[in-house]
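Enquirer: okay, structure incoming, though there's no sequence with it:
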């Protein structure tokens, strides 16, 4: 289950689990990070087809509710995160970030920048040239979105996180207006022209988040403390 | 009286939206209880009450925008 254990950051892999299971797990880890019983934690997982809306989402951004119902997608509403409606499904890597934001002076801009940089670093390792976009959070390949971000914060510790399209069925995004925007989504598979194993990607993403969020340690310390499982 | 303000959220984030008030005016509230939920474009977070007291005034309605540094609520210390 652990990809990396470190005194400053644990990275866990839950495999494919329902949104509800992952949410309950997030709450458990969140309580432990709040009470300082656990270091910052990145939870990686995949979900079965699921549409989620935050508490502030606009239901008009669901384009085809009938088809969502017919296909028997899970449907989750009222989430304590930012952002609009989104789709999760097999072939999409979801990362839940349970991080104490006091370490970065509760600065949301720094937090979002770091998440985006870690994702861009991951994509660079796969020879995909991705970037940030002014005014629109997330990670983009030209004008197509490859990763979305939505965060909730309670007692200065974050929840929820990012969704990176790897080998996901992109047609499913047409059932919604992703993030409330009229945009095209893309995936690693689409950009590279072939599928990549999720396990390999998890290793790359773990390295990238380690690099971005555990900067205070020297390279030597990192090597001594990191335990790859 | 204690003024609860919208704290700095980070570079380039100048405003946020009141998402949900956890307490009505006149209600007692304890230190560290969630007072109000705030939403930015991509994040949602709670602002806890800094003292034990009574919520005297909510200065914004739900769905209203508020700028960083503006007073959200007034608490009477008890």
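Expert: That came through fine. The structure presented is a predicted model; accordingly, all values stated were derived computationally and were not measured.

Enquirer: buried stuff in stretch A:21-39?
Expert: A:22-23, A:25-26, A:29-30, A:33, A:38-39 (16 or more other C-beta atoms under 10 Å in any protein chain shown). For the C-beta atoms, the positions are set from N, CA and C on the backbone; glycine is no exception.

Enquirer: which of those sits closest to chain B?
Expert: residue A:30 (12.6 Å; C-beta to the nearest C-beta).

Enquirer: surely that closest one meets residue A:96?
Expert: No. Between residue A:30 and residue A:96 there is no contact under C-beta atoms under 8 Å: 9.2 Å.

Enquirer: okay, and the common contacts of those two?
Expert: residue A:159 (C-beta atoms under 8 Å, 6 or more residues apart in numbering or on different chains).

Enquirer: tell me which two in the buried residues of stretch A:21-39 are the farthest apart.
Expert: A:23 and A:39 (20.7 Å; C-beta to C-beta).

Enquirer: state the number of residues packed around residue B:40.
Expert: Residue B:40 has 22 neighbours, counted by other C-beta atoms under 10 Å in any protein chain shown.

Enquirer: okay, and the beta partners of the nearest residue to residue B:27 once chain neighbours are set aside?
Expert: Sequence neighbours aside, residue B:55 is the residue nearest to residue B:27 in space, at 5.5 Å (criterion: C-beta to C-beta, 6 or more residues apart in numbering or on different chains). When bridges are called by DSSP bridges, residue B:55 pairs up with residue B:75.

Enquirer: how about low-confidence regions in the chain?
Expert: This is for chain A. Across chain A, the ranges flagged by pLDDT under 70 are A:2, A:215-229.

Enquirer: what parts of it come near chain B?
Expert: A:54-56, A:80-83, A:106-112, A:137, A:149-155 (C-beta under 8 Å from any C-beta of the partner chain).

Enquirer: which of those residues fall within strands?
Expert: A:54, A:137, A:149-154 (DSSP state E).

Enquirer: want to throw those residues into TSV with neighbour count?
Expert: Listed next are these as TSV, based on neighbours: other C-beta atoms under 10 Å in any protein chain shown:
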residue	neighbour count
A:54	24
A:137	26
A:149	27
A:150	26
A:151	26
A:152	24
A:153	24
A:154	18
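
Enquirer: would you mind measuring from the residue nearest to residue B:27 to chain A?
Expert: The span separating residue B:55 from chain A equals 19 Å under the rule C-beta to the nearest C-beta, to the nearest Å.

Enquirer: look up how far residue A:154 lies from residue B:32.
Expert: 12 Å (C-beta to C-beta, to the nearest Å).

Enquirer: for whichever strand or helix holds residue B:20, buried residues please.
Expert: Counting by DSSP states H and E, the element that carries residue B:20 is strand B:15-21. Residues of strand B:15-21 classed as buried: B:16-21 (neighbour count, 16+ other C-beta under 10 Å).

Enquirer: the residues you listed also near chain A: which ones?
Expert: Okay, of those touching chain A (C-beta under 8 Å from any C-beta), that's B:17, B:19-20.

Enquirer: alright, I will stop here.
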